[in-house]
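Visitor: got a predicted model here, sequence first, then my questions.
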2 protein chains.
Amino acid sequence: MTTGSVAPPLVGLVLLCLRVWLSESTGARASADDDVLLPYAHDHGPSHSHRHVRDCLSVANGKTTYETWPSSSRSGLPVAESTVFVSDLSDSPDRSRWVYGHMTVVHDPLRTLSVLEPGGAGGCEKSHRVTVEETAKAAGCLYAQNAGFFNVTSDACLGNVVSDGRMVRDSGGVQNAQFGIRKDGSLVFGYLAREDVLDEFNPFVQLVSGVVWLLRNGEVYINQSLKAECDKITDQEVFREFVEMQSARTVVGHDARGNVVLFHVDGRSKERGMNLWEVAEFLKKNEVINAVNLDGGGSSSFVVNGTLASYTADQCKSDSRWRCARPVSTILCVHERRCEPSDCSGHGDCTTDWLHL
Amino acid sequence: MTTGSVAPPLVGLVLLCLRVWLSESTGARASADDDVLLPYAHDHGPSHSHRHVRDCLSVANGKTTYETWPSSSRSGLPVAESTVFVSDLSDSPDRSRWVYGHMTVVHDPLRTLSVLEPGGAGGCEKSHRVTVEETAKAAGCLYAQNAGFFNVTSDACLGNVVSDGRMVRDSGGVQNAQFGIRKDGSLVFGYLAREDVLDEFNPFVQLVSGVVWLLRNGEVYINQSLKAECDKITDQEVFREFVEMQSARTVVGHDARGNVVLFHVDGRSKERGMNLWEVAEFLKKNEVINAVNLDGGGSSSFVVNGTLASYTADQCKSDSRWRCARPVSTILCVHERRCEPSDCSGHGDCTTDWLHL
């Protein structure tokens, strides 16, 4: 055996030790990653084409597979306003089922909302997984929560990812529910053909993929999403369970004024939290118009000024008495308005009106 | 009518407007203060003397009405470590009752823990009430939670208050359960004679009053506290209800190493959270030795780096869908080690060992 053939495993071992040492030296407790909530038995999304999605839509929605809405750009408002809820979801009056979460209304999202890669630019390419706290702290996010799904084995980011004008990952047209902001400030929710994702005339400056379009034009759109996002017989059961299960959830939507709405609820799969029907009803009642479900379960984290402000689901690896935040993939980050340089750090056409803000 | 006689109400109106404007301009939502959890029907504490408390103690504890423990001052450790819990407290296997909270272990408490007045020094004299977030942010606390009770009508701080070596308020010997740190670093839990509170040889540098000594020397001490803290027949029912009620709770204790332990659990009176028996058992199981219950209910807040990290109980005044943090009185603040000037900013004898830290 030559030295050359021994080197790769040795390098791997050294890298592994370095990784363990690095994670310990930050003082962060490790998550046991024991609340995995997956919508598909295989891959991430259906194998069928965008044409299939378009063809199976109801006549009521015409042939549009997504909705757009102009984003709010009002001046004189704080960047965002966050509210805390503790709500009783019980069906019977003698038995309470409490759910805990936050709803955050983001004004002027074109300038203040970013999809960030885990740990910062380049994180997806390196298959990094980083807690929302760490990514948010490094980027100076005022509010942040986990966004897109990731491969639980390889840690790779899944779906489409556009971060501050940079195309990080193109899913190749997989038909998951999308949330994006285009260069002109329009908010986009729904199913996109690959040409839409790659559009160069009015490109996406932020884009991330979820699973299940929860609300469309103010109405619950879960049954239609089930049809659009799920095809294989083997996946149907898994997918339906994903929708029906009480769990921690993370969602992005918008209201009538064009504010982006971030929503999360704490929970643990099969134990606490909300199923997607309950989430959709909650958002509808709170005047959200379009909303897309993002990664939930043990990934769900809500962070304010770099500090975890939610109760995460995973147990800590070192001590199961406590709960630990899971390292995740992309996040949604609400930050101060960015309007320099002229492309506003990838935030699209935001020089207009800047002087009036 | 002269101008002079009109002036006071006008001044009052102007001050009121100023107060409303100031509270609105901070962007903070107002709490409806609707989860009031009071241990006494009248006043704050029993009318009997310290001698009465001493005389009614069991022989097992001798005539000592409080416990002292040397505080930890280990070097090389972070200031504190905080853990999140989500625990099932249900009695039957088919019905879950989840409680959410944090437990924070504070190393080297003599140098890193302060009792702070609401809004900073002078807050008690001015009967200020300020959210834990605001007081903690201004003082640079790493972790903070609400501490002593306050008068819900006049907003005055109640009980004994010593903050960073300054005697802010002397309760006049009222027999509530106390938590304090003396100049030499000893941690004190229990009932104090007025001479103990005013001791000049080894004075308290931090002191705050709670209600109910939960754990004494590792054993639940609630029944004994009920005897010691409650005497009038009319108060007994109120006091017992205070102990038995599910609610949000805030507690301070210590472990065998002399670390101070901060504990809080979210809840709302009669609806969610823990009763004091459950809190005492939880702390005992987690190796806490002495512990005193502090103000709970709508006052309970846990703040990390100036950010609210718990779910508060009160509804928001403006919109009952959401929960708002209540402005409160004193807080417990965990901060970076303070060892300059020579009295360590009121933190007692902490020059020793400083060079070795």
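Guide: Happy to help now that I have it.
Visitor: state the distance from A:P78 to B:S318.
Guide: 15 Å (C-beta to C-beta, to the nearest Å). The C-beta positions use only the backbone N, C-alpha and C, and glycine is treated the same way.
Visitor: and for A:D349?
Guide: 35 Å.
Visitor: which of the two has more neighbours?
Guide: Each of A:D349 and B:S318 has its neighbours counted (other C-beta atoms under 10 Å in any protein chain shown); A:D349 has more, 15 against 11.
Visitor: what helix or strand does the more buried one sit in?
Guide: Assessed by DSSP states H and E, A:D349 sits outside every helix and strand.
Visitor: just checking, it touches A:I181?
Guide: No - counting by C-beta atoms under 8 Å, A:D349 does not reach A:I181; the two are 10.9 Å apart.
Visitor: which outside residues touch the helix or strand that contains A:T104?
Guide: Assigning secondary structure by DSSP H and E places A:T104 in strand A:98-106. Contacts of strand A:98-106 from elsewhere in the structure, counted by C-beta atoms under 8 Å, 6 or more residues apart in numbering or on different chains, are A:79-89, A:112-113, A:143, A:255, A:259-267, A:272-274, A:286, A:302, A:309-311, A:334, B:98, B:100, B:266, B:272, B:311.
Visitor: and the strands in the stretch 151-300 of chain A?
Guide: Per DSSP state E, counting those that start in this stretch, the stretch 151-300 of chain A carries strands over the ranges A:161-163, A:166-169, A:178-182, A:186-190, A:204-209, A:213-216, A:219-220, A:249-255, A:260-265, A:288-293.
Visitor: for the record, mean pLDDT for the shortest one?
Guide: This points to strand A:219-220. On average, the pLDDT along strand A:219-220 is 98.
Visitor: in its sheet, what does that strand sit against?
Guide: In the sheet, strand A:219-220 lines up against strand A:213-216 (antiparallel) (DSSP bridges).
Visitor: can you check the last one too?
Guide: The partner list of strand A:288-293 in its sheet, established with DSSP bridges, is strand A:213-216 (antiparallel), strand A:249-255 (antiparallel).
Visitor: out of the ones you listed, which comes closest to A:H42?
Guide: strand A:213-216 (21.3 Å; C-beta to C-beta).
Visitor: look up how far B:V86 lies from A:H50.
Guide: A:H50 is 41 Å from B:V86, where distance means C-beta to C-beta.
Visitor: count of neighbours near the closest residue in space to A:F189 that isn't next to it in sequence?
Guide: Closest residue in space to A:F189, ignoring its immediate chain neighbours: A:N290 at 3.8 Å, by C-beta to C-beta, 6 or more residues apart in numbering or on different chains. By other C-beta under 10 Å, the residues close to A:N290 number 28.
Visitor: wait, what's in contact with A:N290?
Guide: Contacts of A:N290 by C-beta under 8 Å, 6+ apart are A:67, A:69, A:187, A:189-190, A:213, A:215-217, A:253-254.
Visitor: in CSV: these, plus neighbour count.
Guide: CSV is the format used below for those (neighbours: other C-beta atoms under 10 Å in any protein chain shown):
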residue, neighbour count
A:E67, 19
A:W69, 19
A:L187, 26
A:F189, 27
A:G190, 24
A:W213, 28
A:L215, 25
A:R216, 22
A:N217, 12
A:G253, 26
A:H254, 26
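Visitor: which neighbours do A:D349 and A:I181 have in common?
Guide: Residues touching both A:D349 and A:I181 (C-beta under 8 Å, 6+ apart) are A:L110.
Visitor: returning to that earlier point: which of the strands of the stretch 151-300 of chain A is buried the deepest?
Guide: Among these, strand A:204-209 has the highest mean neighbour count (mean count of other C-beta atoms under 10 Å in any protein chain shown), at a mean of 28.
Visitor: listing partners with orientation, what would you give for it?
Guide: Checking strand A:204-209 against DSSP bridges gives partners strand A:161-163 (antiparallel), strand A:178-182 (antiparallel).
Visitor: what angle do the longest one and strand A:186-190 make?
Guide: Translated: strand A:178-182. 160 degrees (axes from the mean of the first three to the mean of the last three C-alpha atoms, to 10 degrees).
Visitor: contacting residues around strand A:178-182?
Guide: Under the contact criterion C-beta under 8 Å, 6+ apart, strand A:178-182 has outside partners A:66, A:68, A:71, A:109-110, A:113, A:159-160, A:162, A:187-192, A:197, A:199, A:202-210, A:252, A:292, A:294, A:348.
Visitor: cool, and the first one?
Guide: The contact list for strand A:161-163 (C-beta under 8 Å, 6+ apart) reads A:114-117, A:121, A:124, A:148, A:167-169, A:180, A:203-209, A:330, A:346.
Visitor: which residues of the stretch 251-357 of chain A score low on pLDDT?
Guide: A:340-342, A:350-357 (pLDDT under 70).
Visitor: tell me which parts of the stretch 251-357 of chain A are close to chain B?
Guide: Contact residues (C-beta under 8 Å from any C-beta of the partner chain) of the stretch 251-357 of chain A with chain B: A:266, A:268, A:271-272, A:286, A:304-309, A:311-313, A:316, A:319, A:321-324.
Visitor: A:V197 against A:P203, yeah?
Guide: No - using C-beta under 8 Å, A:V197 is not in contact with A:P203, being 9.2 Å away.
Visitor: more neighbours: the two, which one.
Guide: With neighbours defined as other C-beta under 10 Å, A:V197 and A:P203 compare such that A:V197 has more, 21 against 17.
Visitor: how much space between the closest residue in space to that one that isn't next to it in sequence and A:V115?
Guide: Ranked by C-beta to C-beta, 6+ apart and with sequence neighbours excluded, the top spatial neighbour of A:V197 is A:N160, at 5.5 Å. Counting by C-beta to C-beta, the separation of A:N160 from A:V115 is 10 Å.
Visitor: try A:R268
Guide: The value you get for A:R268 to A:V115, if C-beta to C-beta is used, is 26 Å.
Visitor: for chain B, what is the nearest residue in the stretch 151-300 of chain A?
Guide: Closest residue of the stretch 151-300 of chain A to chain B, C-beta to the nearest C-beta: A:R272 (5.8 Å).
Visitor: around that residue, count how many other residues there are.
Guide: Neighbour tally, A:R272, other C-beta under 10 Å: 23.
Visitor: which ones are touching it?
Guide: Counted by C-beta under 8 Å, 6+ apart, A:R272 has contacts A:99, A:246-248, A:266, B:86, B:96, B:98.
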